[in-house]
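K.L.:
here's my sequence, what's the structure:
(one chain, ligands or ions: 1)
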Amino acid sequence: MTSPVSHWFHALSPDGTMPAPRPRLDGDRRVDVCIVGGGYTGLWTAYELRRTHPEIEVLVVEREVCGFGASGRNGGWVQGALAGDAATWVARGGHDGARRMDAAIRATVAEIGRVVETEGIDCGFHVGGTLTVARSGVELDRLRAQAEAARTAGPWDDDRALLSPDELAGRVRIPGATGALFDPDCARVQPAALARGLAEAVERAGATIVEGTEVTAIEPIRGTVPAVARTQHGDVSARWVVRCVEGYTPELPGEARTLAPITSSMIVTEPLDAERWAAIGWDDAETILDAGPLYHYLQRTPDDRIAIGGRGVPYRFGSRTDREGDVPASTVATLWDGLLRLFGPVLDDVGIDDAWHGVLGVPRDWTPFVAADDTTGLASAGGYVGEGVAASNLAGRTLRDLLVGRHSSDLAALPWVLPLGGRPPRWEPEPLRFAGIRGVYGLLGLGQEIERRTGRPSRVTALADRIAGH
Ligand SMILES: Cc1cc2nc3c(=O)[nH]c(=O)nc-3n(C[C@H](O)[C@H](O)[C@H](O)COP(=O)(O)OP(=O)(O)OC[C@H]3O[C@@H](n4cnc5c(N)ncnc54)[C@H](O)[C@@H]3O)c2cc1C
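P.N.:
Below you'll find the predicted structure:
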């Protein structure tokens with residue numbers, strides 16, 4: 001039942017295997033833009049560059065197949081929100097910058113819907129909004145306080161509505177729920193279908209994709225020698241080399257402390273029958289977040305199952321990524337338990353069809369970034385902390401503007417663009433990094449236990465939330 005391939009890929013192929021890779025790089029190449037990594041960030045960047053500047057030669061270099069990483073494994077929330085709390089965004093861009101950032105990411109949900117329709121990408125894209133569901137008085141109080149703080153302290157307009165239990169039940173019936181926050185700016189998508197469809201759109205737009213080709217080093221411009229991405233099958237020289245490998249970033253030379261790879265795991269049920277769906281409701285396929293500190297996230301899939309995700313073994317010593325391993329039975333049990341606690345007996349006798357995990361990238365300040373430096377010829381984007389499905393599209397459009405020199409565009413002026421030559425703050429060396437990250441996740445679990453036992457908000461949860469930028 002647990003497998004190295006996500007349900008999303010299984011659902012795309014009749015025999016449930018990963019697609020065969022496209023041809024490898026075949027010798028040295030010289031292009032205008034070399035994109036390293038064929039997930040959403042790399043693919044959106046390639047798509048946007050070619051869509052608006054068809055004269056630019058773009059080559060995407062992917063180690064496995066496009067969508068192999070988090071882009072083909074995620075929860076399928078196309079969320080009009082970014083990681084990083086309001087204070088961090090205000091510190092980066094002032095109130096005005098934070099507002100522009102928020103408006104840009106919210107508008108991105110519709111932008112992805114537009115491209116999906118224009119390009120005919122069949123990926124179950126549906127805008128139903130998102131519900132953050134409280135199941136205790138403590139959780140409801142916390143949601144209410146968050147909504148109130150967002151409304152009064154800004155920096156951006158907050159159009160989330162607090163739903164009563166009855167109003168929630170009109171959308172989804174979750175026994176024992178005490179209320180929910182509803183945010184309209186979110187869509188549900190089949191993640192691998194989006195990644196694979198987008199890769200085809202990139203090729204139609206005229207970019208080349210090579211797969212099964214690992215970039216082993218990225219080097220900046222040296223004098224008159226352009227930037228280069230080195231592989232075992234040839235070197236790619238380019239005006240720009242764009243690093244889009246998110247959770248795999250620490251595997252590249254010199255990047256061990258740029259992003260920490262965090263594992264998130266998911267399970268999916270077998271398809272539910274019409275009777276169970278009649279009992280649950282959920283007709284508008286809103287994405288759902290369990291407001292407990294462990295942040296279980298759910299979607300009703302286009303093929304009428306429930307997918308739920310949450311932390312697995314969150315972080316491995318030395319930023320090791322376990323790319324193809326099985327999901328531990330204890331993680332599967334925790335996720336199933338999370339599902340049962342939300343929906344209860346209506347799921348009796350329902351089986352789990354698949355379990356998988358993926359790796360996402362977390363920067364030291366838990367806030368995503370876009371970077372491009374003319375003098376080195378190097379660019380990158382990522383650090384989405386598990387909120388990268390919509391953000392990667394915005395990053396792709398932002399990178400396009402920076403790479404073609406549109407430095408005064410609205411996108412290039414967003415506060416997630418690092419100053420020229422800037423890098424995201426670096427993580428501590430081991431063992432401090434291990435202790436810090438495991439510590440945050442330990443605190444979140446402990447906070448949940450305290451809240452369950454006492455029925456009161458836990459300071460431990462508040463502390464972990466603050467560190468993790470929730
Ligand atoms: C289980 C899970 C659930 C998630 N749920 C959500 C969600 O519901 N909503 C949301 O917004 N975000 C979610 N995320 C996060 C989101 O999936 C990511 O932020 C997003 O997919 C990142 O895209 P990317 O292209 O930057 O990275 P990736 O999709 O990881 O792509 C990187 C690519 O680079 C390739 N690569 C790596 N190293 C090399 C190399 N050396 N040379 C060449 N290629 C290389 C990899 O094979 C991979 O294909 C989730 C993540 C996970 C793991």
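K.L.:
tell me the residues on the stretch 51-200 of the chain that lie near the ligand, please.
P.N.:
For the stretch 51-200 of the chain, the residues in contact with the ligand (CB under 6 Å from any ligand atom) are 61-64, 68-71, 73-77, 79. No exception for glycine: its C-beta is placed from N, CA and C like everyone else's.
K.L.:
mind redoing it with 5 Å?
P.N.:
Within the stretch 51-200 of the chain, the residues that sit near the ligand (CB under 5 Å from any ligand atom) are 62, 63, 64, 68, 69, 70, 71, 74, 75, 77, 79.
K.L.:
any idea which of those residues is the one closest to residue 242?
P.N.:
Taking CB to CB as the measure, residue 242 lies nearest residue 62 of those, at 12.8 Å.
K.L.:
can you tell me how far the nearest residue to the closest one once chain neighbours are set aside sits from residue 71?
P.N.:
Leaving aside its chain neighbours, residue 62 sits nearest to residue 38 (3.3 Å; criterion: CB to CB, 6 or more residues apart in numbering). According to CB to CB, to the nearest Å, residue 38 stands 8 Å off from residue 71.
K.L.:
how many neighbouring residues does the closest residue to the ligand within the stretch 351-470 of the chain have?
P.N.:
Per CB to the nearest ligand atom, residue 388 is where the stretch 351-470 of the chain lies closest to the ligand, at 2.0 Å. Each residue near residue 388 was counted by other CB atoms under 10 Å, and the total is 29.
K.L.:
who are the contact partners of it?
P.N.:
Residue 388 is in contact with 40, 41, 70, 74, 246, 360, 368, 382, counting by CB atoms under 8 Å, 6 or more residues apart in numbering.
K.L.:
switch the cut-off to 6 Å
P.N.:
With contacts defined as CB atoms under 6 Å, 6 or more residues apart in numbering, residue 388 has no neighbours.
K.L.:
about what we covered before: which of the residues of the stretch 51-200 of the chain next to the ligand fall in strands?
P.N.:
Residues of these located in strands (DSSP state E): 77, 79.
K.L.:
show me the residues of the stretch 51-200 of the chain next to the ligand that map onto helices.
P.N.:
Among these, no member falls in helices (criterion: DSSP state H).
K.L.:
ranges for the helices of the stretch 201-350 of the chain?
P.N.:
Secondary structure of the stretch 201-350 of the chain (DSSP state H, counting those that start in this stretch): helices located at 274-280, 329-343.
K.L.:
how far out from the middle of the chain is the shortest one?
P.N.:
The one in question is helix 274-280. Relative to its chain's centre, helix 274-280 lies at 30 Å (CA atoms, centre = their mean, to the nearest Å).
K.L.:
now it: mean pLDDT?
P.N.:
What helix 274-280 shows for mean pLDDT is 97.
K.L.:
deepest of the helices of the stretch 201-350 of the chain, which one?
P.N.:
Neighbour counts (mean count of other CB atoms under 10 Å) averaged over each of these peak at helix 329-343, with a mean of 17.
K.L.:
and after it, which helix or strand comes next?
P.N.:
strand 352-362 (DSSP states H and E).
K.L.:
tell me the angle of that next one relative to helix 329-343?
P.N.:
Relative orientation of strand 352-362 versus helix 329-343 (axes from the mean of the first three to the mean of the last three CA atoms, to 10 degrees): 100 degrees.
K.L.:
now the helices of the stretch 201-350 of the chain as JSON lines including distance to the ligand?
P.N.:
Output for the helices of the stretch 201-350 of the chain, formatted as JSON lines (distance: least, CB to the nearest ligand atom, whole Å):
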{"stretch": "helix 274-280", "distance to the ligand": "20"}
{"stretch": "helix 329-343", "distance to the ligand": "11"}
